[in-house]
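# From the sequence below, what's the structure:
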Amino acid sequence: MTSVTRAANHSPLSCPNSTAQTNTTDPTPSLSPATPPAEVLDISTRWLAIILVIIFAWQVAWLCYGVTTIFRKTSYGFLYVAPGYMHPSVYWCFSCANLCCVATLILLYFDINNVSLTTTVVAMAFVYAALFMSLRRVYIRAPVLIREGRVRDVWMARVFVHNGLAALATFLTFVTLFHFASVLTYIFEVSRELSVTISLNVIFLEILVWFFVDSLVFDRFTRYTVSPYGMALLNLLSILTDSDFADFSSSNSVLVTFMLGVTCLTLLLKVAVVSVRHVRAPLFTGTGFSAVSKNYGTLDYGTLYSGSEHRTLL
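Numbers count the residues shown, from 1 in each chain. Purely as a prediction, here's the structure:
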């Protein structure tokens, strides 16, 4: 997880202000870590520290919980095998995301910014893949865990794994779009204000789309995943407290303020929707599970075979 911190700090959009002198005769500002240009979008050091502490603590928490599944059992076997709700592919995707963050650091060090944007996008994609695989498998396997008296594990997966990965995915989404604004400005020579406007509008669109998809399409998977809204709120606050936005002297300052209000509203609506549906429309009304070999429960529905034993689930 150290790679994520360094990637955020070395990004031309999230590094602290530098007092290094810039060569005024060079029309194209340098993007090297030694002489960073003025940030297109800036996360203050104080806010970045708070965000990263929250993210890292959440990642450590869910990884430690994942380790415990190696040693605990149900009547079907070890938790990581059967019912297999913490599938190894989640760990593989998470590891690949961290490797991509390391690659981003190396590319930024050598000032290869357009390629580093690609590796940041790939890292974000791996985290989203790990999140959605975990969401799906917990939804499918939860009835078995409940039958085995493992309701606590269902909630631990929701709180630690799902919300932890979702918080990291949200943060990487912001970092990617911040980096995108710098690439537009310093490589494609788009004006600074337009670059910021484009990135902010993409973020705003993603917040709205995620709220509706989360509430209407993926509710059975993401019902208790609330961290994206809180993480988006922290990132927007970090932008608004930057000196370029705090005085509300530009249209982008107004846009960030409006986005902050909408994000607060979506967070409140999400909590309200979860509270109502938790009572009126509970999940897990008859999903099944199967594993016919040592494949970590690749199959999703049906019957569990263990040697000569035959057990039908739900």
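# Mind jotting down where the strands sit in the stretch 1-150 of the chain?
Under the criterion DSSP state E, counting those that start in this stretch, the stretch 1-150 of the chain contains strands at 73-74, 77-78.
# Just put those strands in JSON lines and tack on distance to residue 62.
Just so you know, the C-beta spots here come from the backbone N, C-alpha and C atoms, and that holds for glycine as well. Formatted as JSON lines, the strands of the stretch 1-150 of the chain follow (distance: least, C-beta to C-beta, whole Å):
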{"stretch": "strand 73-74", "distance to residue 62": "20"}
{"stretch": "strand 77-78", "distance to residue 62": "18"}
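# okay, the ones you listed in CSV with mean pLDDT, mean neighbour count and distance to residue 195 next?
Below are these laid out as CSV (pLDDT from 0 to 100; neighbours: other C-beta atoms under 10 Å; distance: least, C-beta to C-beta, whole Å):
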stretch, mean pLDDT, mean neighbour count, distance to residue 195
strand 73-74, 84, 14, 52
strand 77-78, 84, 14, 50
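# For residue 223, which of the ones you listed is the nearest?
Proximity to residue 223 (C-beta to C-beta) singles out strand 73-74 among the strands of the stretch 1-150 of the chain, at 23.6 Å.
# just to revisit the earlier point, tell me which of the strands of the stretch 1-150 of the chain sits nearest to residue 66.
For the strands of the stretch 1-150 of the chain, proximity to residue 66 was assessed by C-beta to C-beta; strand 77-78 is nearest, at 12.3 Å.
# other SSEs contacting the closest one?
Counting contacts by 3 or more C-beta pairs under 8 Å, 6 or more residues apart in numbering; DSSP states H and E, strand 77-78 packs against no other helix or strand.
# That one pairs with which strands?
Its sheet considered, strand 77-78 pairs with strand 73-74 (antiparallel) by DSSP bridges.
# picking up where we left off before, right, so of the strands of the stretch 1-150 of the chain, which gets closest to residue 121?
Comparing the strands of the stretch 1-150 of the chain by their distance to residue 121 (C-beta to C-beta), the top pick is strand 77-78, with 35.5 Å.
# Quick one: residues in contact with that closest one.
Residues from elsewhere that reach strand 77-78, judged by C-beta atoms under 8 Å, 6 or more residues apart in numbering: 69-72, 306.
# So how do I select the buried members of those residues in ChimeraX?
Applying 16 or more other C-beta atoms under 10 Å to the contacts of strand 77-78 leaves a buried subset, and the ChimeraX line that selects it is:
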select :69
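# Arrange the contacts of strand 77-78 in TSV, one row each, with distance to residue 226 and pLDDT as further columns.
Formatted as TSV, the contacts of strand 77-78 follow (distance: C-beta to C-beta, whole Å; pLDDT from 0 to 100):
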residue	distance to residue 226	pLDDT
69	23	89
70	28	88
71	29	88
72	26	87
306	37	39
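# Where do the helices of the stretch 1-150 of the chain begin and end?
2-10, 45-68, 88-109, 113-147 (DSSP state H, counting those that start in this stretch).
# Perfect, that will be all.
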